[in-house]
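>>> give me the fold of what follows.
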Amino acid sequence: MAKNHRSDRHSSEAVSRLAPGTLLDRLASGPSRASRITHTEHLPPRAGRHAVWPDRIRPEVIAAVQAAGIEHPWAHQARAAEHALDGDSVVVATGTASGKSLAYLVPVFSTLLDGSEAPNGRGATALYLAPTKALAADQCRSVKELSQPLGQAVRPAVYDGDTPYEEREWIRQYATYVLTNPDMLHRGILPSHPRWSSFLKALKYVVIDECHTYRGVFGSHVAQVLRRLRRLCARYGADPVFLLASATAAEPAVAAGRLTGLPVVEVADDASPRGEVVFALWEPPLTEMQGEKGAPVRRTATAETADLLTDLTLQGVRSVAFVRSRRGAELISVIAQERLSEIDRSLARRVAAYRGGYLPEERRALERALHSGELLGLAATTALELGVDVSGLDAVVIAGYPGTRASLWQQAGRAGRSGQGALAVLVARDDPLDTFLVHHPEALFDRPVESTVLDPDNPYVLAPHLCAAAAELPLTEDDLELFGPETAGLLPQLEAAKLLRRRTRAWHWTRRERAADLTDIRGEGGRPVQIVESGTGRLLGTVDESAAHASVHEGAVHLHQGRTYLVRSLDLDDSVALVEEANPPYSTVARDTTSISVLETDVEIPWGDGRLCYGSVEVTNQVVSFLRRRLITGEVLGETKLDLPPRTLRTRAVWWTVTEDQLDEARINPEILGGALHAAEHASIGMLPLFATCDRWDIGGVSVPLHPDTLLPTVFVYDGHPGGAGFAERAFHTARAWLTATRQAIASCECDAGCPSCIQSPKCGNGNDPLHKRGAVRLLTVLLRGAPEEKEAVEEGAAEAADAAQGPPSGAQAT
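Numbers count the residues shown, from 1 in each chain. Sure, this is the predicted structure:
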């Protein structure tokens, strides 16, 4: 917490002090290594700017902060504290290790100290929300350490599913700073609000940490949970100020406003110091292996990252390698340990893997070992971002683009101590987006980070929260504005479904079961599938019903807390997947087929003779097979057919059509039309995460040479969540830039007929057949000639939406 102000007390002679440019030169000195670096960006050092705390901050709090080794705040910390004391909800959106925690803790502590002088000793309380239990526990330890000189005024306590029942009543009655997560707020605190009445009555601040993680469907659920919280606070006479902390983000105040439903002030001018950062883009070389249809295959990002971590450790450089999966983190660690032990057995102990499931004391031990220099290399999943303090490293290697520029900069920000340089390396995976980025560095370094996409008005999200709110306190017409414009239309539907009953002027929850159990805020409803170890009967976890077909089908490899399991059977009737521990040398990827029908077109814009559309669709999807891929190389070992029933999904989509004249202009004949559309669809799905805060697995696509609803060749890209998640709407508003980047990604790939770096998709149910690379480039070229300028398209789309009888639910705003 705010370690950027402290002197570096963790020095070790074993830790390298190489300049980042020199370090990169050494990494590039091996055989054919230099040619793998496609771009090097130099970010200059930045001096810190100090300020003074607002004079309304209690002197005892300032003294406690100074006792922790922090003499003066950075300017952004002081400004955020000023807004908090003024009663303005504020979001602090600055870089990693910029002291965001202190920006909200200082005004909170000062207010709690004022409240401790009330007659009952609890005249003020604060609620802290973290996306993970690990982060809440870490923050609780930091708060206890910092607030120790303040005595009993600050009484922090974690309240989550692991909190012993004997402690819960004390927390409700006496804690002044409660740390929890949105899940516990949704299921535990709000439904039991009478037991929390004294806490809610005194609630002055709600702190939302890592608020950029609340996006898509999960973010939309959390937005409605926060509206329920605000409603109950008002019932008890409280009007808390919201203090949000975010990684660097585009329009953080807009995103924070959509999350909380309140006007939010942004503090985004980072005044903390930063050393020079050298950021290299690294593309693994092509191998001798061939993939599907004889496509060339690159060396995997996992293998390449393991080599780099090995080399960094040999140089005595304190570093972390970020990888998406737990299995990937463990593979990188094992490979690096094996290669180091060949040189010196003692070096192998200086590399470790960080995975989920570690106990707090184990995480603390890893953190201490990293800071002391005893541990030099750590291979970690992105969960590390929210679990362990590892700021101030010398180098960061990122195995594959993490999905958003915001996440990329947050991970890269782990490198660099105050005033000292650092190295960051992005190693590209063999897919369209990574390949595009390492050859188009301007897309990373010259563009702002993405807007956070969420859609609280999605009826599939809103409906269960209206039921939960009615169970907490009967809904009245005064509540309609709080829950958004879709509320008035949903209430009669909930009455017809006998979920709510209207009596006089209010809607009541009348069922015996808990309304909060209607939805899992991290899932999508439906009965979750239980994952059970067949030999012991032990419940390992659950997976959303909608994801079960693709993730726990028979033969799937399932990862749980660093262990690998094979799924032996999936019982859809009983919602149980039986697994047994195994160690196969491969991973699995499900393949599916999809058909789509248009339910309603909300907005339609001419693109020359073609059309760009946005609206509601029904998707029918069936998982038909799965691939087995060798772990280190990614080589396809085989495909196995599956017999699973189709599923239907009502969601939102963006789609575009082309005419016969446009096909003639692009020289697309009937023989290659299907392949050209299919290739454009695959590449556009791969590129959308560059424009919306989604993963390619959050979205799906369909391409049809003659679609029955449009009567034209059509490409659809849809949200993979019921009711939509805002991603397709974002695609609609950025379509010109999105499809331009898609065309560039295909055209600039050095393969002849298509490969995983451009048009092949790992989840294609048609086995990536047919695909026509050159046809896709020509087709997109002609389509884009007719595209209006982005601003013009957005204004036209907004006008059409306003004129429509029923416009789309409000999702991400166009920027």
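
>>> quick one: the strands in the stretch 251-400 of the chain, in order.
265-267, 277-282, 286-290, 296-298, 319-323, 351-354, 377-380, 395-399 (DSSP state E, counting those that start in this stretch).

>>> on contacts alone, who are the packing partners of the last one?
Judged by 3 or more Cβ pairs under 8 Å, 6 or more residues apart in numbering; DSSP states H and E, strand 395-399 is in contact with helix 301-314, strand 319-323, helix 405-412, strand 422-427. C-betas here are computed from N, CA, C, even on glycine.

>>> let's see it at 10 Å
On a contact count with 3 or more Cβ pairs under 10 Å, 6 or more residues apart in numbering; DSSP states H and E, strand 395-399 meets helix 20-27, strand 277-282, helix 301-314, strand 319-323, helix 326-343, strand 377-380, helix 405-412, strand 422-427.

>>> in JSON lines: those, plus distance to Leu185, mean pLDDT and mean neighbour count.
Formatted as JSON lines, those follow (distance: least, Cβ to Cβ, whole Å; pLDDT from 0 to 100; neighbours: other Cβ atoms under 10 Å):
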{"stretch": "helix 20-27", "distance to Leu185": "42", "mean pLDDT": "92", "mean neighbour count": "19"}
{"stretch": "strand 277-282", "distance to Leu185": "37", "mean pLDDT": "96", "mean neighbour count": "23"}
{"stretch": "helix 301-314", "distance to Leu185": "37", "mean pLDDT": "95", "mean neighbour count": "24"}
{"stretch": "strand 319-323", "distance to Leu185": "29", "mean pLDDT": "93", "mean neighbour count": "28"}
{"stretch": "helix 326-343", "distance to Leu185": "27", "mean pLDDT": "89", "mean neighbour count": "21"}
{"stretch": "strand 377-380", "distance to Leu185": "28", "mean pLDDT": "92", "mean neighbour count": "29"}
{"stretch": "helix 405-412", "distance to Leu185": "24", "mean pLDDT": "86", "mean neighbour count": "22"}
{"stretch": "strand 422-427", "distance to Leu185": "35", "mean pLDDT": "96", "mean neighbour count": "28"}
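
>>> looking at these, spot the one closest to Thr740.
When these are compared by Cβ to Cβ, helix 405-412 sits nearest Thr740, at 17.5 Å.

>>> low pLDDT regions in the stretch 1-150 of the chain?
Where the stretch 1-150 of the chain drops to pLDDT under 70, the residues are 1-17, 120-121.

>>> circling back to that earlier point, I'd like to know which of the strands of the stretch 251-400 of the chain is closest to Pro762.
That would be strand 296-298 among these, by Cβ to Cβ, at 12.2 Å.

>>> what pairs with that closest one, parallel or antiparallel?
Under the criterion DSSP bridges, strand 296-298 sits next to strand 286-290 (antiparallel) in its sheet.

>>> reformat the strands of the stretch 251-400 of the chain as CSV; add distance to Leu780.
Output for those, formatted as CSV (distance: least, Cβ to Cβ, whole Å):
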stretch, distance to Leu780
strand 265-267, 36
strand 277-282, 24
strand 286-290, 25
strand 296-298, 22
strand 319-323, 32
strand 351-354, 41
strand 377-380, 38
strand 395-399, 29
